[in-house]
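Q: okay, here's the prediction I keep looking at, along with the sequence it came from:
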Amino acid sequence: MIVIISFFIIHWYLSAFAQSFFLHRYAAHRMFSMSPFWEKFFYLFTFVTQGSSFLHPKSYAQLHLEHHKHSDTEEDPHSPNLFTDVFSMMWHTKRIYFEYREGKRQAPSSFVANMPVWPTLDRVGDSWLTRVVFCAAYTSIYVIFAPSLWWYLLLPIQFLIGPVHGAFINWCGHKYGYRNFDLDDQSKNTFAWDLFFMGECFQNNHHQHPNRVNFAVRWFEYDMVYPVIWLFNRLNIISLKPKATG
Ligand SMILES: [Zn+2]
Ligand SMILES: [Zn+2]
């Protein structure tokens with residue numbers, strides 16, 4: 001039992017970190033820079049930790065910038081205020097994501113040219129064979145260590161860990177919680193301590209300050225990824241741009 005719980009928690013947090021640190025704060029917003037070596041390292045880290053639900057960084061980044069540009073309007077790729085349930089919202093998001101993935105769409109942003117790309121890893125990560133191998137690996141851990149069949153209910157969450165995180169963040173972050181800033185959109189801060197989604201549910205703070213590295217703004221708020229970014233900066237793994245610090 002302890003193996004399954006540990007496996008689930010480690011997978012949850014490592015993939016949430018990859019999504020927030022690499023896909024969101026680095027690929028989409030370029031809040032910090034890193035050398036080609038570290039870019040490849042974190043690209044690979046994102047592939048391994050997201051596994052069966054790996055999201056292509058450039059497509060994610062473009063989709064995300066579209067969200068910022070059109071937040072909670074008809075053109076927002078994932079506004080919960082336009083859908084009756086989270087599944088139809090995510091289905092719509094998936095369709096737009098694939099349009100970016102297949103090159104049918106391109107975000108009108110000067111950032112696009114500098115977004116991280118690794119075509120070989122994108123091809124491997126996107127292939128059904130890779131996704132099936134990851135799913136088989138997760139399942140084999142359950143076969144060996146799960147004390148009963150009930151534990152297998154966690155498996156679909158692990159198969160789709162990236163979209164599961166995205167569904168919670170996109171739905172809750174624009175629907176439930178409090179606001180520090182009176183913006184035109186419906187963004188909210190869902191939690192004061194966003195312990196499950198590593199700062200990503202501070203949507204209201206983030207929409208007000210899209211280039212601010214620390215998503216927590218008020219004294220009682222806490223963004224779990226920010227201390228890691230601060231440490232990486234001190235260790236010269238990344239370099240924070242002066243305008244984007246804390
Ligand atoms: Zn948002
Ligand atoms: Zn953002």
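A: Great, that's in hand. None of these values were measured; they are calculated from a predicted model. Ligands and ions are numbered 1, 2, ... in the order given.
Q: excluding chain neighbours, give the residue nearest to Ser33 in space.
A: Leaving aside its chain neighbours, Ser33 sits nearest to Ser239 (4.9 Å; criterion: C-beta to C-beta, 6 or more residues apart in numbering). Where C-beta positions appear, they are placed from N, C-alpha and C, glycine not excepted.
Q: identify the residues contacting the one you found.
A: Contacts of Ser239 were listed using C-beta atoms under 8 Å, 6 or more residues apart in numbering, and they are Phe32, Ser33, Met34, Asn233.
Q: now do Lys175
A: Counting by C-beta under 8 Å, 6+ apart, the residues that Lys175 touches are Pro80, Asn81, Gln186, Lys188.
Q: where does it sit: helix, strand or coil?
A: coil (DSSP: H, G, I helix; E, B strand; the rest coil).
Q: that one and Thr84: what is the separation?
A: Taking C-beta to C-beta, to the nearest Å as the measure, Lys175 falls 12 Å from Thr84.
Q: equivalent analysis for Leu195, please.
A: 29 Å.
Q: Ser148 too?
A: On the measure of C-beta to C-beta, Ser148 and Thr84 end up 35 Å apart.
Q: related to what we said a few turns ago, the more surrounded of Leu195 and Thr84?
A: The residue with more neighbours, out of Leu195 and Thr84, is Leu195; 11 against 8, by other C-beta atoms under 10 Å.
Q: quick one: residues contacting the residue nearest to that one when sequence neighbours are not counted.
A: Closest residue to Leu195 apart from its sequence neighbours, by C-beta to C-beta, 6+ apart: Met224 at 6.7 Å. By C-beta under 8 Å, 6+ apart, the contact list for Met224 reads Asp194, Leu195, Met198, Gly199.
Q: hmm, the third one is touching Leu14, no?
A: No: under the contact definition of C-beta atoms under 8 Å, Met198 does not touch Leu14, with a separation of 10.3 Å.
Q: wouldn't Val164 be in contact with Ile157 here?
A: Yes: contact between Val164 and Ile157 holds when scored by C-beta under 8 Å: they sit 5.5 Å apart.
Q: most widely separated two among the contacts of Lys175?
A: Across these, the longest distance by C-beta to C-beta is 11.0 Å; it joins Asn81 and Lys188.
Q: overlap in contacts, those two.
A: Joint contacts of Asn81 and Lys188 (C-beta under 8 Å, 6+ apart) are His174, Lys175.
Q: looking at the two, which is more packed in?
A: More neighbours surround Lys188 than the other of Asn81 and Lys188, with 21 against 12 (other C-beta under 10 Å).
Q: surely the more buried one touches His206?
A: No: using C-beta under 8 Å, Lys188 is not in contact with His206; the gap is 10.8 Å.
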